[in-house]
Each structure stands twice: as structure tokens, then as C-alpha cells.
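Asks: sharing a sequence plus its predicted fold:
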Amino acid sequence: MRIRYCAFILLLVAILLSIAACREIKVSLGQEFSLGIGESALIQGEELQIKFLRVVTDSRCPRGVTCIWEGEVSCMVEITYQESLHQLRLTEPGLTNWPQEEAFKQYRIAFHVEPYPEAGIDIAEDEYRLLLRVSK
């Protein structure tokens, strides 16, 4: 009986973790929203879903440091459009302001990556946020 109870608790925890890891929000065209790694957004009224897969590189010049190059941050997103999967790399130069834009089909994807690096402080993977706005 005790083994069944433990197995049930472990299964319940696994289900809850998988639900949390696959968080999907619903947004409107033109609405600003934020995604963490592994999260996705469904654009209502469009056959479009965007998932933040990972940060590929982050070489942005940290605040408070003098650099010879501003660096850049690149993120990989997965876009499901009309039931087809596409991957798109979003690259933002360092020391720039919101928004950067990338075209996808008839859409414009404005984006910004947070947090911005600071000298001597590492950014953990789960701290990254991709701020987005999708418009036509």
C-alpha cells in the first residue's frame, strides 16, 4: 500500500512539473507578452504559436564595463504556423533599446531579451525572458 501511495505521489508531481514546463499563454495580435525558456504563446485569431526554445549566445557588453564591441544576444524560437514547424533565430545587438524586429511570413515580430548583463553577475538560464509583440 505504501509503495502505491509513493508511486501515486511521484506520478502526480511529474504531471504537475510537465504542465508547468509547457506553459502556454494566449495573446492578441499587437499585444506585448513575455516568455521564459520552454514557454509558448498562442496568437488568438491567427494560426500562429511561438515557443521560446533557448538562448543560443549572449555576448552583450555588461553595464558598467567599457567594451570594444557591444556584443549581441541570440535566441531560438519555434514557430508553428498553419500546422508547420519553423525555427527562427532572433538576434538583438547589445546596448540597444526595445524593439528589434524580425519578419516571419506576413507578421512582424518585435522582441527584446531581458535581463541585461551586469559586470560580475551570471545570468541563469531560467532568468531569461523574451519580450515579444507580434503584428501584421
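Replies: Nice, I can see it.

Asks: output the contacting helices and strands for the helix or strand hosting Arg108.
Replies: Take DSSP states H and E as the rule and Arg108 turns out to sit in strand 107-114. With contacts defined as 3 or more Cβ pairs under 8 Å, 6 or more residues apart in numbering; DSSP states H and E, the packing partners of strand 107-114 are strand 48-58, strand 72-81, strand 84-93, strand 100-104, strand 129-135. For glycine as for every other residue, the C-beta is placed from the backbone atoms N, C-alpha and C.

Asks: now with 7 Å, please.
Replies: Counting contacts by 3 or more Cβ pairs under 7 Å, 6 or more residues apart in numbering; DSSP states H and E, strand 107-114 packs against strand 84-93, strand 100-104, strand 129-135.

Asks: in JSON lines: these, plus distance to Ala110.
Replies: Listed next are those as JSON lines, based on distance: least, Cβ to Cβ, whole Å:
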{"stretch": "strand 84-93", "distance to Ala110": "10"}
{"stretch": "strand 100-104", "distance to Ala110": "5"}
{"stretch": "strand 129-135", "distance to Ala110": "4"}
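
Asks: between those strands, which one is closest to Arg23.
Replies: Of all the helices and strands packed on strand 107-114, strand 129-135 sits nearest to Arg23, with 12.9 Å by Cβ to Cβ.

Asks: in the closest one, what's buried?
Replies: Neighbour-count burial for strand 129-135 flags 129-130, 132-134 (criterion: 16 or more other Cβ atoms under 10 Å).
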